[in-house]
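[1] Sharing a model that was predicted from the sequence below.
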Amino acid sequence: MPAGPRPNALGTASFEPGRLTRGDLSLGQHLGGPVSSPVMIATGTRPGPVLWVQGAIHGGEVGGTLGIARCLNRLDLSRMSGAIIGVMTANPLAFRTQARNSPEDGENMNRVFPGAEASTITRQMARALMAAAEATADAVMDLHSGGLEAIVPFYALYWDDDTPASRQAGRYARSAGTETILTARDAWLSGAMFTQLTRRGLPALIVECGGAEVTDEQIENFARAIEGMARAMDILPGGPLDQARYRRIGTCDLVFTRESGFFLPACLAGDTVDVGDLVGRVVDIFGAEKELITTPKRAFLAAIGRRYLPVTAGAMIAELNDDLGWIKGTPAPSRARRSRFVPKRLPLHQRTHGRGWRQNR
Ligand SMILES: [Zn+2]
């Protein structure tokens with residue numbers, strides 16, 4: 001809960017009971033003027049908590065932005081308590097050029113939180129974004145994907161430090177419409193917005209889905225993730241959107257190519273891979289096979305590069321997360337359910353969905 005009185009507006013968008021409003025939120029100053037994100041605010045007819053949802057903190061990850069618009073436009077505000085804020089482009093500079101990082105300073109905005117006042121424009125925007133979220137919201141959902149170069153499965157992640165805010169974020173993650181939950185403690189995520197917010201007592205999580213080619217199914221997953229979290233917060237009726245079981249994944253190992261060429265994935269995002277399984281291969285510009293990339297551990301494939309992704313030696317092409325099995329106390333998956341996670345050894349010409357590039361959070 002924000003300290004002090006709640007503002008009745010965010011940027012130029014206002015909280016108006018029973019209405020969906022639009023406006024702009026200024027995050028910084030650029031040579032050409034203000035740098036701002038479009039915002040939507042859906043306000044219910046009754047008072048209640050406020051959920052902050054944002055997309056495109058990595059500029060090319062537009063599925064979340066589309067999911068926010070889909071979700072907020074279809075809400076029945078007469079059945080809603082509180083509000084849902086949609087910040088459409090959390091990094092407007094990166095969004096404008098569809099780049100992962102801010103072109104002006106090359107910074108990855110989701111590594112520089114809590115930001116700083118006297119620093120790069122990306123760090124200034126991070127500071128402004130975080131201050132606005134802390135002043136208005138009771139919880140935050142940050143939407144990501146594999147961007148233009150990679151594909152990720154549909155999963156939720158939260159910072160697991162066993163504080164009240166972390167445990168609350170875990171409850172919201174379990175209501176995000178997916179049974180795959182990453183409990184993150186990796187040091188490289190310490191500058192991510194969800195980590196910093198959780199450490200400061202505001203529950204926050206990330207939802208990842210899709211990439212490379214945005215599909216309606218991915219947009220729908222994002223929209224349902226927002227609805228699920230809003231249900232868990234009692235903004236929408238119906239109670240938490242619990243799944244029958246949850247698959248836990250943990251620490252991430254990154255996979256890099258040794259050779260330059262084109263990457264051909266051999267797995268699908270979300271597959272379970274075992275020691276020695278083929279993740280993908282690299283072919284050179286003459287079509288000759290240069291490298292076979294295999295996995296060193298049993299893992300959940302949380303990102304993989306798209307088919308024919310041009311890569312330079314040392315390019316990251318997959319994320320392998322520890323497979324921690326099913327959350328204690330939930331029923332073991334049936335044989336049929338378990339089969340969903342068996343690696344799909346498709347003929348090479350059908351192996352089209354791989355994706356993994358940079359770390360995606
Ligand atoms: Zn991302």
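    Everything's here; your move.
[2] Tell me how far Val50 lies from the ion.
    23 Å (C-beta to the ion, to the nearest Å). No exception for glycine: its C-beta is placed from N, CA and C like everyone else's.
[3] List the contacts of that residue.
    Neighbour list for Val50: 6, 82-85, 136-138, 235 [criterion: C-beta atoms under 8 Å, 6 or more residues apart in numbering].
[4] For stretch 184-204, measure first residue to last.
    The straight-line separation of the ends of stretch 184-204 (C-alpha to C-alpha, to the nearest Å) is 12 Å.
[5] Please identify the buried residues of it?
    Neighbour-count burial for stretch 184-204 flags 184, 186, 189, 191-199, 202-204 (criterion: 16 or more other C-beta atoms under 10 Å).
[6] Specify the residue ranges that define each domain of this protein.
    Split into domains by automatic domain parsing, the chain comes to 9-232, 249-350.
[7] And the last one, how far out from the chain middle?
    Which is domain 249-350. 19 Å (C-alpha atoms, centre = their mean, to the nearest Å).
[8] Do it and the ion come into contact?
    No: Domain 249-350 does not reach the ion (C-beta under 5 Å from the ion); its nearest approach is 10.0 Å.
[9] Find the nearest non-adjacent residue to the spatially most central residue of the chain, please.
    The chain has His144 as the residue nearest its centroid, 2.9 Å off, counting by C-alpha atoms, centre = their mean. For His144, ignoring the flanking residues on the chain, the nearest one in space by C-beta to C-beta, 6 or more residues apart in numbering is Glu208 at 4.9 Å.
[10] can you count the residues close to that neighbour?
    When neighbours are counted by other C-beta atoms under 10 Å, Glu208 registers 30.
[11] Just the element for it, please.
    Counting by DSSP states H and E, the element that carries Glu208 is strand 204-210.
[12] do the same with Ala225
    Using DSSP H and E, Ala225 falls in helix 216-232.
[13] List the buried residues for that helix?
    Neighbour counts over helix 216-232 (16+ other C-beta under 10 Å) mark 218-232 as buried.
[14] Equivalent analysis for stretch 17-28, please.
    20-21, 23-28.
[15] Over to stretch 132-152?
    Applying 16+ other C-beta under 10 Å to stretch 132-152 flags 132-134, 136-152 as buried.
[16] Now, the residues you listed that are in helices?
    By the criterion of DSSP state H, membership of the buried residues of stretch 132-152 in helices covers 132-134, 136.
[17] Show me which of those is closest to Met40.
    The closest of those to Met40 turns out to be Thr136 (C-beta to C-beta; 13.5 Å).
[18] my read: the closest one touches Arg6, true?
    Yes: counting by C-beta atoms under 8 Å, Arg6 is a contact partner of Thr136 at 6.8 Å.
[19] Can you tell me which of the buried residues of helix 216-232 is closest to the ion?
    Of all the buried residues of helix 216-232, Phe222 has the smallest distance to the ion: 12.7 Å, by C-beta to the ion.
[20] how deep is the closest residue to the closest one other than its chain neighbours tucked in, by neighbour count?
    Setting aside the residues directly before and after it, Phe222 is nearest to Gly67 in space (C-beta to C-beta, 6+ apart), at 2.4 Å. Look at Gly67: counted by other C-beta under 10 Å, it has 28 neighbours.
[21] For Gly67, which phi and psi angles does the backbone take?
    In terms of degrees, to the nearest 10, the main-chain angles of Gly67 are phi -70, psi -40.
[22] how far away is it from Asn321?
    Taking C-beta to C-beta, to the nearest Å as the measure, Gly67 and Asn321 are separated by 23 Å.
[23] With Pro296 instead?
    Applying C-beta to C-beta to Pro296 and Asn321 gives a distance of 13 Å.
[24] so what sits against both of the two?
    By C-beta under 8 Å, 6+ apart, the residues touching both Pro296 and Asn321 are Asp253.
[25] ok, back up a step: make CSV out of the domains of the chain and add mean pLDDT.
    As requested, the domains of the chain are exported to CSV (pLDDT from 0 to 100):
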stretch, mean pLDDT
domain 9-232, 97
domain 249-350, 83
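[26] Tell me which of those is the most buried.
    Of all the domains of the chain, domain 9-232 has the most neighbours on average by mean count of other C-beta atoms under 10 Å, namely a mean of 21.
[27] what distance separates the start and the end of that one?
    24 Å.
[28] mind checking how far it is from the chain centre?
    With C-alpha atoms, centre = their mean as the basis, the mean position of domain 9-232 lies at 8 Å from the chain mean.
[29] tell me the contacts of Ala176?
    Contacts of Ala176 by C-beta under 8 Å, 6+ apart are 141, 156, 205, 207, 225, 228-229, 241.
[30] before we move on, back to that, would you check how far apart the residue nearest to Phe222 and Gly287 are?
    Counting by C-beta to C-beta, the gap from Gly67 to Gly287 is 38 Å.
[31] need the strands for the stretch 51-200 of the chain, in chain order.
    Secondary structure of the stretch 51-200 of the chain (DSSP state E, counting those that start in this stretch): strands at 81-87, 139-144, 150-159, 180-184.
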